[in-house]
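>>> I'll drop the sequence and a predicted model, then ask my questions.
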Amino acid sequence: SAVISQKPSRDICQRGTSLTIQCQVDSQVTMMFWYRQQPGQSLTLIATANQGSEATYESGFVIDKFPISRPNLTFSTLTVSNMSPEDSSIYLCSVEGGVPTGGRKTDTQYFGPGTRLTVL
Amino acid sequence: GENVEQHPSTLSVQEGDSAVIKCTYSDSASNYFPWYKQELGKGPQLIIDIRSNVGEKKDQRIAVTLNKTAKHFSLHITETQPEDSAVYFCAASMHYGGSQGNLIFGKGTKLSVKP
């Protein structure tokens, strides 16, 4: 499957600050997504990162709080802005499509290892 | 919108037994159903998926069945091993424009396999 890396793997932040999470894929992909997984909970889609245009946000998530960049077909960032303790979660990127490498199917989503964020 | 319900929330089996996890979905337009395994401290890993034009799919000890009429699908793990212990998530989406789109996840099942 695709090699998807995220940085940082974990962080502890103070409320009111911002954190930018990076997602890097080892091959070009068509789609990149950002999910949130609150402690012990399921996954919820935050937004679809579109290359060369503004991200598409799901209901309940806004660009001012979660600005996203996608400068090319292998990289995206998610920023969690003006953090509060309620933002403590695992943030996951996933990818789909593009060039099949390492046995990865192009028509399904593969997830990165996640970034574990704790806000004090 | 789509809603996915998953049962049970926890499942404990003896090594070598079978485990079954069931999901139901609400949107009849959904046509893609993946299953993910998430081990502690890791991201979800795709283990098997099924599309609506297929009723059953098998990969070694893992199988998935789909009943489109009843709108439910199930994961079957046979000959369970301690390394199968993890949280399993089902999901549903509607394939369009070459993308699986927004995956709607169930709440997860924590599977424990006792040696």
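Now that the structure is in, tell me what you want to look at.

>>> how near is whichever residue of chain B sits closest to chain A to A:L120?
With distances taken as CB to the nearest CB, chain B approaches chain A most closely at B:G43, which sits 4.0 Å away. (C-beta placed from N, C-alpha, C; glycine too.) Look at B:G43 and A:L120: by CB to CB, to the nearest Å, they are 24 Å apart.

>>> Could you do A:R10 as well?
Distance, A:R10 to A:L120, by CB to CB: 14 Å.

>>> These two: which is more packed in?
The neighbour count for A:R10 versus A:L120, taken as other CB atoms under 10 Å in any protein chain shown, is higher for A:R10 (12 against 9).

>>> what's near enough to touch that one?
By CB atoms under 8 Å, 6 or more residues apart in numbering or on different chains, the contact list for A:R10 reads A:115-118.

>>> Could I get the pLDDT score of it?
Per-residue confidence for A:R10 comes out at a pLDDT of 97.

>>> Identify the bridge partners of it.
In this entry, A:R10 is beta-bridged to A:R116, by DSSP bridges.

>>> residues from chain B in reach of chain A?
B:32, B:34, B:36, B:42-46, B:49, B:89, B:95, B:98-100, B:102-103, B:105-108 (CB under 8 Å from any CB of the partner chain).

>>> Which ChimeraX command selects the buried ones in those residues?
In ChimeraX, selecting the buried portion of these, with burial taken from 16 or more other CB atoms under 10 Å in any protein chain shown, looks like this:
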select /B:32,34,36,43,44,46,49,89,95,99,100,102,103,105,106,107,108
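
>>> where are the low-confidence patches of the chain?
Looking at chain A here, since you left the chain open. A:1-2, A:98-106 (pLDDT under 70).

>>> Chain B is the one I meant
Along chain B, the model assigns pLDDT under 70 to residues B:95-101.

>>> Try it again at 80.
Counting by pLDDT under 80, chain B shows low-confidence ranges at B:95-102.

>>> Could you pull out the strands in it for me?
In order along the chain, chain B carries the following strands (DSSP state E): B:4-7, B:10-14, B:19-25, B:32-38, B:45-51, B:56-59, B:62-67, B:72-77, B:86-92, B:104-105, B:109-114.

>>> Kindly report the same for chain A.
Counting by DSSP E, chain A has these strands, from start to end: A:4-7, A:10-13, A:19-25, A:31-37, A:43-49, A:56-57, A:68-72, A:75-80, A:89-96, A:110-111, A:115-119.

>>> neighbouring strands for the fifth one, and are they parallel or not?
Same thing as strand A:43-49. If you go by DSSP bridges, strand A:43-49 pairs up with strand A:31-37 (antiparallel), strand A:56-57 (antiparallel).

>>> Understood, closing this out.
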